[in-house]
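Peer 1: Fold the stuff below for me.
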Amino acid sequence: MKDLATRLGTGLPEDLAAWLRICKGAPIGPGGLFGARPDRDFLDMALRAATFSTWRQLGWLPVAGDGFGNYYILLTQEALAGYVAFVEAISDPEEIAYLVSSTLWGFLRFLFEAECGAKGWPFDPNVVLAADPALAHLQPWIR
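Peer 2: Numbers count the residues shown, from 1 in each chain. Predicted structure coming up:
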C-alpha cells in the first residue's frame, strides 16, 4: 500500500487502508473496486485518479466505477472527509453529483447488497437514509 500512496501522492485514509488490506482491487460490482493494481489498469486507483488532474487537489480518491465511465469517490478533505460521492465524470468530472454514503464501509455494504439484488440504493432517499441516517443533514446532496 505504500507504493499506492506514493503513486497517488497522498496518504491513505485508515478505512481505505484497512479495506485495501482485504481487497487490493477486483472486478466486483458494475465497474470494479479500485486498489493497488498496476497490473490491471482499469482497477488501479492511482491510474484512475491520474485521469482527472484536479482530483488530487480536491482530495478525491476513486474507489469504484459504475461501468459507464463514472466514479465513486472517497472524499478526504474538509467537512465531507470520509464520505463517498458519485461523480458523473462523463458530464462534469469536477462536480459531485450526489453523496452515496457517509463512510467507505457503508458504501461497500450498499454496493455489495445492490449486487445481490437489493433495491433502492443509491436513488431512493428513503432506503438510503434508513440505512445511513448520517446523510440526513445533507439532504440536497443525495438523490
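
Peer 1: what's next to the lengthiest helix in the chain, contact-wise?
Peer 2: In the chain, assigned by DSSP state H, the helix with the most residues is helix 104-115. Helix 104-115 is contacted from outside by 13, 15-16, 19, 28-30, 33, 63-64, 72, 74, 82, 84, 100-101, 121-122, 128, 131-132, using C-beta atoms under 8 Å, 6 or more residues apart in numbering. No exception for glycine: its C-beta is placed from N, CA and C like everyone else's.

Peer 1: try stretch 63-74
Peer 2: Under the criterion C-beta under 8 Å, 6+ apart, residues 13, 16, 29-34, 42, 45, 48, 55, 60-62, 82-90, 96-97, 100, 104, 107, 111 lie in contact with stretch 63-74.

Peer 1: try 6 Å this time
Peer 2: 29-34, 60-62, 84-90, 104 (C-beta atoms under 6 Å, 6 or more residues apart in numbering).

Peer 1: any weak-confidence spans in the protein?
Peer 2: Regions of the chain meeting the criterion pLDDT under 70 cover residues 139-143.

Peer 1: picking that back up, go through the longest helix of the chain and flag the buried ones.
Peer 2: Residues 104, 106-111 are the ones in helix 104-115 that count as buried (16 or more other C-beta atoms under 10 Å).
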